[in-house]
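Peer 1: build me a structure from this.
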Amino acid sequence: MRPNADTETLARFESPAVRHLAWLCQAPQLLHPAIGFSPMRWLPGDYIERLQHWDTHPGAMPDRLREPAERRLGHYFERLYEVLLVDLLGWEVLLKNQPVRRQGITLGELDFVVRNTANDEIEHHEIAVKFYLGYPGDNGSPALWYGPNASDRLDLKTRHLVEHQSLMAQRPEARSMFESLGLGRPTRQRMFMPGYLFYPQAVCVPEPEHVPDDHLRGRWIYLETLQQARQAPSGPMDTKHWVPLNKPHWLGPWHQPAEPDPVATETALDQVRSAGVPRLFAELAQCEAGGAWHEQARWFVMPPGWPVPPPIRPDSGHTPYPDTGPGLPG
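Peer 2: Predicted coordinates:
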């Protein structure tokens, strides 16, 4: 397992919101580069200095960045993306979360319609942040990549994003809506989907096709397997430097000044056991310079029987895991 990209730039930010925004600017995508939007190609050369100024002068932050973080990660991610568009790129948001309807029936929603002030083009942006876990295939079939609650899947989400969401602005109903609002029709569609892929701890699964090789990575393990590994007589698995991550801190690497608290980790593991819910953890190491603790790896700990119900293969004609739209359920 290769380590994730260097996090030195992100670790310098003390404000979680600024750090999350910096991560959004730099994060590799789970989409092929040919279809994914890369903010780094458009960001001004001084954007890091601008972020540093916001970090050290909170009063200078955009209002959207000072608002309390939301529990629903998808909504929080949309807010950060709007700060990227407006306050870093200087683009104009024309529409946000705009429903497209036909005879009163909602066909879909446009995440963002923006004016790219660098070329004066109107663009349609569809965004999501995703966390998927590789589930080994059987009888030679490829692995499937599920969300932690198994309610969506990488292949289905990508297909829905490419074949449905990104094309919504081209529908006749959307064109009529643009005309009624006095807006020009978007001439470019962009998709943005950063996130992490978590590989099983005990089984080797190949990287999914069409996902860039530089994607962010973690591991996942069943709770029972973790408990056995922690008690192994030779080379036990050590979790004393783990910390549980709550939303919105799933975005970007975690760091803290204090040593990890093993009690917090045990409490979170008890939630996996008692409530049957997955929990995300960061594995930390102490930095020699300054003594702070920085994230080195990520682990999802999964309840027994995950995913439930048993997975249905992509060629079976149906799936029990419907797409849930942008972001993750709160």
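Peer 1: could you use CA atoms for every contact and neighbour count after this?
Peer 2: OK.
Peer 1: which elements pack onto the helix or strand that contains residue 132?
Peer 2: Following DSSP states H and E, one finds residue 132 within strand 130-135. Using 3 or more Cα pairs under 8 Å, 6 or more residues apart in numbering; DSSP states H and E, the elements in contact with strand 130-135 are strand 144-146, strand 195-200.
Peer 1: and the next helix or strand after the last one, which strands flank it?
Peer 2: Secondary structure here is assigned by DSSP H and E; on that basis, the next helix or strand after strand 195-200 toward the C-terminus is strand 216-222. Looking at strand 216-222 with DSSP bridges, its paired strands and their directions are strand 195-200 (parallel), strand 293-302 (parallel).
Peer 1: can you lay out those strands as a markdown table showing mean neighbour count and mean pLDDT?
Peer 2: Output for these, formatted as a markdown table (neighbours: other Cα atoms under 10 Å; pLDDT from 0 to 100):
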| stretch | mean neighbour count | mean pLDDT |
| --- | --- | --- |
| strand 195-200 | 23 | 98 |
| strand 293-302 | 22 | 96 |
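Peer 1: the ones you listed: which one's closest to residue 101?
Peer 2: When these are compared by Cα to Cα, strand 195-200 sits nearest residue 101, at 30.2 Å.
Peer 1: contacts for that closest one, please.
Peer 2: Contact partners of strand 195-200, identified using Cα atoms under 8 Å, 6 or more residues apart in numbering, comprise 27-30, 129-135, 205, 215-221, 299-300.
Peer 1: swap in stretch 87-95?
Peer 2: With Cα under 8 Å, 6+ apart, stretch 87-95 has contacts from 42-44, 47, 62, 82, 85-86, 110-118.
Peer 1: how about 10 Å then?
Peer 2: Stretch 87-95 has contacts (Cα atoms under 10 Å, 6 or more residues apart in numbering) with 25, 39, 42-44, 46-48, 50-51, 61-62, 64, 81-86, 110-118, 120, 122-124, 178, 183.
Peer 1: residue 47 and residue 25: what is the separation?
Peer 2: Relative to residue 25, residue 47 is positioned 10 Å away (Cα to Cα, to the nearest Å).
Peer 1: for residue 238, same thing?
Peer 2: Separation of residue 238 from residue 25 (Cα to Cα) stands at 33 Å.
Peer 1: give me the number of residues near residue 86?
Peer 2: The number of residues packed near residue 86 is 14, by other Cα atoms under 10 Å.
Peer 1: can you check the one 3 residues further on too?
Peer 2: The number of residues packed around residue 89, counting by other Cα under 10 Å, is 18.
Peer 1: for residue 249, see how far away the closest residue to residue 303 other than its chain neighbours is.
Peer 2: Leaving out its chain neighbours, the residue that sits closest to residue 303 by Cα to Cα, 6 or more residues apart in numbering is residue 276, at 5.2 Å. In this view, residue 276 and residue 249 are 21 Å apart by Cα to Cα.
Peer 1: from memory residue 216 sits against residue 30, does it?
Peer 2: Yes - Residue 216 lies in contact with residue 30 (Cα atoms under 10 Å); the separation is 8.7 Å.
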